[in-house]
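K.L.:
Mind looking at a prediction? Sequence and model below.
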Amino acid sequence: MEQFEARMYKLKLLETLEGKVTTPARTESEDPTATATREAAEAALVEKQYETSKMVVSVEKLYSNYDLLSKGSGEPAKMEAAFKEILEAVKGDTKTKQLACQFIVKFYKKFPNLEGDAIDAQLDLCEDEDQSIRRYAIKELPNFCKENPENVSKIADILSQLLATDDPVEMVVVQGSLYQLLKTNPKECLLGVFQQIENPDADDSTLREKTCKFVAAKLATIAEDLSAEAEKFIVETVKKLMIKADPGTFAGLLSILAVMKSMKLLTVRQQMVELIEAKAGTKLSASEFDNRKIRFFYQCCEQALPFFSKNVSSHKFVVCLCEKVLPSAMTKIAVSGDGQKGLPSKSQLLKLLAELSSNASSDQVTLVTIQHLFQVLLDLMPTPPESLASGDEAFKDFADLDLCSVECAIYAFHSLSASHNEFFTAPEAQSRMTDFRKRLQYFALGLQSYSKKLNEALKVKADADSVEMKTKKEALAACSNISTIIKDLFRMPPQHTASITLSWKTSAVPVKETVAKSPVKRHAPITGPGGSENSNGVAAKAPRQLYRAREGWGRGRGAGGGSRGGRGFYRGGRF
């Protein structure tokens, strides 16, 4: 019945605008199928004509309503009716939607009782099929919060959901609108964002991770300006969310906390490390670490790195990584190959080990940890051949070695074994150390040969910023670092005085060995007129001769200055 009435209304409207629409009468001989087809075509024509007429009326009416609302001098009932027609325009065609998108935000504040309807109408435009309308509607959403801050959390919640878009241009608009709210009212904005993260009905973990990443990046730009109340709210809320968060969301929430000012406090950082320890599963047994838990442990450690320092130790993570995670992960990698789905690569795990080791004291790890770490190192260092080929042919396979992994493992072993001399000096360790020293010696010789080739390659004129050149520079830095540590470990007993910068760090450069040197300073040699080269390799100038006494004339005793070795004659190079 309702459909019939709507059809009659449309026909009546068309009669008024364009003249009466006539329908030919059906003949007795007409086929029923043909009749149905004809009637369907007529209905489509009527619908199209109705929509066209509605567009003309709506656009004109919208401009008329705009004039009425701009003047603000009409009757309240008429003005409200005019605004309601603007809200209804979001169901029209592209032109009416474009106008409605602008007019709604401009006039909604004049009608507090219709504010909810206005926001809902704008949200309809945010989901429109037309990209241009969606983008403009999203861009206007923060304007609903200027006059009424109570809308911030609701709008922020909606914008967080819109971060799921696959349109890169639209993503920029969504992020810009959300950042605008974050700057003006961070607490209320994050209240809406956290509601979306906490929403149990939201099954898209990728969206939650994306949201956390965005919040962490933008909070870093305004963290210094946050009030104490806002920061307290953020820290407490994030801690609550962490309890039930999935692995990806947990890592994202940690990245949010990492940019907070309060994280600089020792006690707060220690609390965060303890929270991460419990979530990462450091107390699980080695057999419980499957691919998913290894990946989650890796993510937790990555996010925990900013909280570690000399006063906040990472030793529990190091012990778990060496004794439980690495044995399981290395076995899986050996069977299925590196890059197994859902599992960090060998290089990623060893880089993590190296970074964790820099904040773990040697006396905080046990001998069992050192033994596991030693085995990891042995598996990475090749066994010396019984007979070496001549020249560089003996080390031709060095270019294929994963030097970065060796650097990570030997760095961690060198750092963590400093307080465990018994591992090197115990009677039962002699055969083990004999084999280890042979490997070190062979590896050191191979590094010398490979470093020589790298230096020659770097002398060739090429783009210094190219990937190839950066890779070679990083490999050269790794060679230098490994050689420095080998010198320490090759001593009897091994020493732990070397200090290096890991090669993959931003400012990584080959670091020379740090050893105790003689306090005696070596001055530049005093040269005569035929002097040698200076420190820059440039031939030194002959010193200007100020005075030369005649033969037999001297200040000392005798012609040559007697017991003073002739200092009365020529003081070459001392000026």
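P.N.:
Structure received.

K.L.:
what's the helix or strand where Phe413 lies packed up against?
P.N.:
Taking DSSP states H and E as the criterion, Phe413 maps to helix 403-416. For helix 403-416, the packing partners by 3 or more CB pairs under 8 Å, 6 or more residues apart in numbering; DSSP states H and E come out as helix 346-357, helix 367-380, helix 467-489. Yep, even glycine has a C-beta here, placed from its N, CA and C like the rest.

K.L.:
So which of those is the most surrounded?
P.N.:
Compared across these, helix 346-357 shows the largest average neighbour count, a mean of 22 (mean count of other CB atoms under 10 Å).

K.L.:
Hey, what's the angle from it to helix 367-380? Just curious.
P.N.:
Between helix 346-357 and helix 367-380, the angle comes out at 140 degrees (axes from the mean of the first three to the mean of the last three CA atoms, to 10 degrees).

K.L.:
pLDDT weak spots in the chain?
P.N.:
For the chain, the stretches flagged by pLDDT under 70 are 1-58, 200-204, 335-341, 387-399, 461-462, 464, 506-575.

K.L.:
ok so, going back, as CSV, the helices and strands packed on helix 403-416 with distance to Lys316 would be great.
P.N.:
Formatted as CSV, these follow (distance: least, CB to CB, whole Å):
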stretch, distance to Lys316
helix 346-357, 10
helix 367-380, 11
helix 467-489, 25
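
K.L.:
The residue most central in space within the chain: what's it in contact with?
P.N.:
Nearest to the mean C-alpha position of the chain, by CA atoms, centre = their mean, lies Lys213 at 8.3 Å. Residues near Lys213 by CB atoms under 8 Å, 6 or more residues apart in numbering: 252, 255.

K.L.:
Check which residues of stretch 105-112 are buried.
P.N.:
105, 107-108, 111 (16 or more other CB atoms under 10 Å).

K.L.:
which one of these sits closest to Lys472?
P.N.:
Val105 (56.8 Å; CB to CB).

K.L.:
ranges for the helices of the stretch 51-200 of the chain?
P.N.:
76-88, 94-107, 115-126, 131-140, 152-162, 168-184, 186-198 (DSSP state H, counting those that start in this stretch).

K.L.:
could you dump these to TSV with distance to His372?
P.N.:
Converted to TSV, the helices of the stretch 51-200 of the chain look like this (distance: least, CB to CB, whole Å):
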stretch	distance to His372
helix 76-88	68
helix 94-107	63
helix 115-126	55
helix 131-140	53
helix 152-162	43
helix 168-184	45
helix 186-198	38
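
K.L.:
quick one, which of those helices is nearest to Tyr63?
P.N.:
helix 94-107 (7.7 Å).

K.L.:
just checking, what packs against that closest one?
P.N.:
Going by 3+ CB pairs under 8 Å, 6+ apart, helix 94-107 lies up against helix 32-71, helix 76-88, helix 115-126, helix 131-140.

K.L.:
before we move on, back to that, off-centre distance for the helix holding Phe413?
P.N.:
24 Å (CA atoms, centre = their mean, to the nearest Å).

K.L.:
re the thing from before, compare the helices and strands packed on helix 403-416 and report which one is nearest to Asn143.
P.N.:
Evaluated over these, closeness to Asn143 peaks at helix 346-357, with 45.0 Å, by CB to CB.

K.L.:
can you list contacts of the closest one?
P.N.:
Contacts for helix 346-357 (CB under 8 Å, 6+ apart): 298, 301-302, 305, 308, 314, 317-318, 321-322, 325-326, 329-330, 333, 338, 344, 376, 402, 404-405, 407-409, 411-412, 415-416, 502, 504.

K.L.:
of the residues you listed, buried ones?
P.N.:
By 16+ other CB under 10 Å, these give 298, 301-302, 308, 314, 317-318, 321-322, 325-326, 329-330, 333, 344, 376, 404-405, 407-409, 411-412, 415-416, 502, 504 as buried.

K.L.:
Contacts only, for Val235.
P.N.:
Val235 is in contact with 257, 260, 262, 268, counting by CB under 8 Å, 6+ apart.

K.L.:
and of the helices of the stretch 51-200 of the chain, who's closest to Tyr66?
P.N.:
helix 94-107 (5.8 Å).

K.L.:
which parts of that closest one are buried?
P.N.:
Residues of helix 94-107 classed as buried by neighbour count (16+ other CB under 10 Å): 96-101, 103-105, 107.
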